[in-house]
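**Q** give the three-dimensional model of this entry:
(one chain, ligands or ions: 1)
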Amino acid sequence: MFDLAIVGGGINGTGIARAAAGRGLRVLLVEQNDLASGTSSASTKLIHGGLRYLEHGWLRLVREALSEREVMLRMAPHLIRPMRFVLPAEPGVRPAWMLRLGLFVYDHLGGRQSLPPARAIDLANDLLGAPLKQRYERGFEYSDCFADDSRLVVLTALDAAERGAVIRTRTRCIRAERGAAWRLVLDRRGRRDVASAHILVNATGPWLKLFATNVLGDGALLPTRLDKGSHIVVPRLFDHDRAYIVQTRDRRVVFALPFERDFTLIGTTDQAFAGDPSGVAPTADEIAYLCDVANAHFRKRLHPADVVWSFAGVRALYDDGSKRAQDVSRDYVLSLDQREAPLLTVYGGKITTYRRLAEQAIDRIAHIVKAGPAWTPHSCGVALFDGAGMGADRRRRAVAAHETRLAVFVHRARTLGKRHGCHGRGRMRECRAGHRPISGPCDTCIDHRRRTLLVTASQVKRICPITFSRSTRVRRPRARSCSMPR
Ligand SMILES: Cc1cc2nc3c(=O)[nH]c(=O)nc-3n(C[C@H](O)[C@H](O)[C@H](O)COP(=O)(O)OP(=O)(O)OC[C@H]3O[C@@H](n4cnc5c(N)ncnc54)[C@H](O)[C@@H]3O)c2cc1C
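**A** Purely as a prediction, here's the structure:
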């Protein structure tokens with residue numbers, strides 16, 4: 001018998017599993033697909049306070065998210081990196097004084113410690129203005145962070161498992177029967193299994209309603225709405241490491257982020273959504289909209305055919321009655337139903353605030369099962385980077401050393417890719433076995449190379465799958481862009 005059974009292997013489910021296991025609870029987590037296969041790998045990948053939320057007056061959410069940004073930077077410095085965002089002042093949308101005021105509040109609200117403050121930029125004369133349309137004269141630059149969202153989920157799950165949680169992927173919860181305890185019927189690739197637990201957590205994100213109706217047989221939920229957001233990935237629009245946040249005429253914001261070295265990630269849209277979120281993808285209209293926004297702000301012309309990859313995610317939000325999708329609060333709500341065996345349901349949430357959500361979830365049930373004190377605020381490092389016990393400086397040095405080794409490896413992989421095309425993998429094996437040096441021409445494949453020389457970044461990623469894991473999710477560009485160089 002488990003203390004806690006969690007359904008959903010996204011950031012919220014794995015975060016709760018990790019917090020609970022560390023507080024001494026017996027935990028089972030089931031995920032129907034792979035970890036982070038839902039919304040938690042389809043986010044904009046920002047660890048941020050949400051600058052836009054300030055004009056809605058969501059100060060509590062922004063403050064909490066900004067202070068979590070600092071905690072997350074300490075927790076997983078290899079996955080979460082600081083990023084500077086360029087915000088051009090858009091004539092006729094929000095006046096420059098309003099942006100300046102917003103950034104002042106943003107800088108001071110959440111106890112910013114390690115990130116540099118906002119500054120004004122003269123876009124007409126600064127290189128950061130070069131990729132933008134000529135009309136921009138003024139702008140600002142501020143700090144937030146970029147994260148590898150799906151790796152964060154995977155490492156959180158690994159850490160939960162190290163602390164004793166049982167994590168079962170490819171395991172769908174198909175029935176949950178409520179009595180003095182929960183009896184769960186699980187389906188792992190056609191094989192049935194049963195588990196029982198004192199408390200059930202519904203952390204199924206956008207599947208929340210479907211789970212309540214079809215699995216629990218009890219559709220009684222707080223008012224909920226589903227919102228879909230789409231992103232596109234295109235060959236890079238600019239050559240530096242800053243990101244852009246541009247304002248649209250309908251007062252929304254769209255991000256253009258440097259992504260996987262050679263690409264720019266552009267998102268997101270906001271659309272009401274209904275139905276099953278499995279396999280959700282951007283529509284042609286959404287892709288065209290994001291291209292139009294990019295074309296309205298950047299000099300480089302973008303066409304839907306330039307899109308090398310696109311993805312969409314759906315979030316389940318507590319419905320506060322707002323008319324427009326972008327006005328609905330992104331805050332999370334935890335609802336505990338104790339009619340019989342307790343059921344905790346998670347609404348909304350952000351990657352940024354998952355650790356806080358997880359600790360609060362355990363606090364909500366601590367009176368039912370005996371849970372130890374909260375521990376994650378002081379935790380440093382997750383699973384693969386177990387920095388526990390290290391000081392901040394030593395941790396940073398360890399991460400830097402790791403990155404250097406990785407950079408050498410990536411450089412070698414690229415060299416192999418460029419020199420040997422699709423023979424790179426075999427060549428790598430030969431180099432590992434010590435038969436050949438890594439550089440130098442490969443006599444046997446000169447002819448083949450002529451045909452396959454144009455090795456794109458994503459092909460290198462295929463050659464080197466360990467480094468560029470599934471979680472980067474950059475797909476191979478279409479055949480059109482892989483044509484033979486003349
Ligand atoms: C477009 C978009 C952009 C976003 N950008 C950001 C951002 O930049 N920064 C930020 O902080 N937040 C962002 N968010 C918010 C954040 O991504 C989500 O709040 C978060 O990922 C939700 O995580 P979750 O664990 O609740 O849901 P999910 O990640 O969707 O996980 C739910 C899991 O439950 C599983 N499941 C469902 N039913 C069953 C079942 N019967 N049995 C077993 N498993 C089941 C699913 O397979 C799924 O993996 C964004 C959200 C969206 C939609």
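
**Q** tell me where the chain has helices.
**A** 11-22, 59-75, 96-109, 149-162, 208-210, 284-297, 354-365, 392-420, 424-432, 446-452, 457-463 (DSSP state H).

**Q** can you flag the weakest of the ones you listed by average pLDDT?
**A** Ranked by mean pLDDT, the helices of the chain end with helix 446-452 at the bottom, a mean of 34.

**Q** right, and Y244 touches F255 too?
**A** Yes: contact criterion C-beta atoms under 8 Å: Y244 and F255 qualify, at 7.2 Å. Backbone N, C-alpha and C define where each C-beta goes, glycine included.

**Q** which residues are in contact with each of these two?
**A** F85 (C-beta atoms under 8 Å, 6 or more residues apart in numbering).

**Q** looking at those two, which is more packed in?
**A** Neighbour count, other C-beta atoms under 10 Å: between Y244 and F255, Y244 has more, with 24 against 21.

**Q** the ligand contacts on the stretch 301-450 of the chain?
**A** Neighbours of the ligand within the stretch 301-450 of the chain, by C-beta under 6 Å from any ligand atom: G313, V314, R315, V346, G349, K350, I351, T352.

**Q** buried ones in stretch 83-94?
**A** M83, R84, F85, V86, L87, P88, A89, E90, V93, R94 (16 or more other C-beta atoms under 10 Å).

**Q** can I get these in JSON lines including pLDDT and distance to the ligand?
**A** Output for the buried residues of stretch 83-94, formatted as JSON lines (pLDDT from 0 to 100; distance: C-beta to the nearest ligand atom, whole Å):
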{"residue": "M83", "pLDDT": "96", "distance to the ligand": "11"}
{"residue": "R84", "pLDDT": "97", "distance to the ligand": "16"}
{"residue": "F85", "pLDDT": "97", "distance to the ligand": "12"}
{"residue": "V86", "pLDDT": "97", "distance to the ligand": "17"}
{"residue": "L87", "pLDDT": "96", "distance to the ligand": "16"}
{"residue": "P88", "pLDDT": "96", "distance to the ligand": "20"}
{"residue": "A89", "pLDDT": "92", "distance to the ligand": "23"}
{"residue": "E90", "pLDDT": "86", "distance to the ligand": "21"}
{"residue": "V93", "pLDDT": "83", "distance to the ligand": "21"}
{"residue": "R94", "pLDDT": "87", "distance to the ligand": "21"}
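
**Q** and which of these is nearest L265?
**A** Proximity to L265 was ranked across the buried residues of stretch 83-94 by C-beta to C-beta; first place goes to M83, at 11.6 Å.

**Q** the closest one pairs with what?
**A** D144 (DSSP bridges).

**Q** cool, L334 as well?
**A** V346.

**Q** ok, it - contacts?
**A** L344, T345, V346, Y347, L357, Q360, A361, R364.

**Q** may I see the PyMOL selection of the buried members of the residues you listed?
**A** To isolate the buried ones among these in PyMOL, judged by 16+ other C-beta under 10 Å, type:
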select buried, resi 344+345+346+347+357+361
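
**Q** buried sites along stretch 226-246?
**A** 226-238, 242-246.

**Q** now look at it and say if it contacts the ligand.
**A** Yes: using C-beta under 6 Å from any ligand atom, stretch 226-246 comes into contact with the ligand via G229.

**Q** for that stretch, how far is the first residue from the last?
**A** 25 Å (C-alpha to C-alpha, to the nearest Å).

**Q** just how off-centre is it within its chain?
**A** 13 Å (C-alpha atoms, centre = their mean, to the nearest Å).

**Q** next up, the contacts around the residue nearest to A157 when sequence neighbours are not counted.
**A** Closest residue to A157 apart from its sequence neighbours, by C-beta to C-beta, 6 or more residues apart in numbering: T14 at 4.3 Å. T14 sits next to L29, L35, V153, T156, A157, A160, I167 when contact means C-beta under 8 Å, 6+ apart.

**Q** from V30, how far off is the last one?
**A** This means I167. 8 Å (C-beta to C-beta, to the nearest Å).

**Q** any figure for the gap between L103 and F273?
**A** On the measure of C-beta to C-beta, L103 and F273 end up 32 Å apart.

**Q** would you reformat the residues of the stretch 301-450 of the chain next to the ligand as JSON lines and include distance to F146 and pLDDT?
**A** Shown next, in JSON lines, are those (distance: C-beta to C-beta, whole Å; pLDDT from 0 to 100):
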{"residue": "G313", "distance to F146": "16", "pLDDT": "96"}
{"residue": "V314", "distance to F146": "22", "pLDDT": "96"}
{"residue": "R315", "distance to F146": "19", "pLDDT": "94"}
{"residue": "V346", "distance to F146": "24", "pLDDT": "96"}
{"residue": "G349", "distance to F146": "19", "pLDDT": "91"}
{"residue": "K350", "distance to F146": "14", "pLDDT": "94"}
{"residue": "I351", "distance to F146": "11", "pLDDT": "96"}
{"residue": "T352", "distance to F146": "11", "pLDDT": "96"}
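
**Q** farthest-apart pair in these, please.
**A** Once C-beta to C-beta is applied, those give V314 and T352 as the farthest pair, at 18.0 Å.

**Q** next up, phi/psi of Q338, please.
**A** Q338 adopts backbone torsions of phi -110, psi 30, taken as degrees, to the nearest 10.

**Q** which residues touch it?
**A** So Q338 contacts I368 (C-beta under 8 Å, 6+ apart).

**Q** and it, how far from I365?
**A** From Q338 to I365 the distance is 10 Å (C-beta to C-beta).

**Q** okay, now the unreliable bits of the stretch 201-350 of the chain?
**A** 323-328 (pLDDT under 70).

**Q** which of the contacts of T14 has the largest number of neighbours?
**A** Neighbour-wise, those (other C-beta under 10 Å) top out at T156, 32 neighbours.

**Q** and for D34, nearest residue in space, chain neighbours not counted?
**A** Closest to D34 by C-beta to C-beta, 6+ apart is T169, at 5.7 Å.

**Q** mind checking pLDDT for the one you found?
**A** pLDDT, read off for T169, is 95.

**Q** same thing with the one 3 residues further on?
**A** According to the prediction, R172 has pLDDT 97.

**Q** okay, now the closest residue to it other than its chain neighbours: neighbour count?
**A** Closest residue to R172 apart from its sequence neighbours, by C-beta to C-beta, 6+ apart: Q32 at 3.8 Å. As a burial measure, Q32 scores 23 neighbours (other C-beta under 10 Å).

**Q** distance check, the residue nearest to D34 against the ligand.
**A** 9 Å (C-beta to the nearest ligand atom, to the nearest Å).
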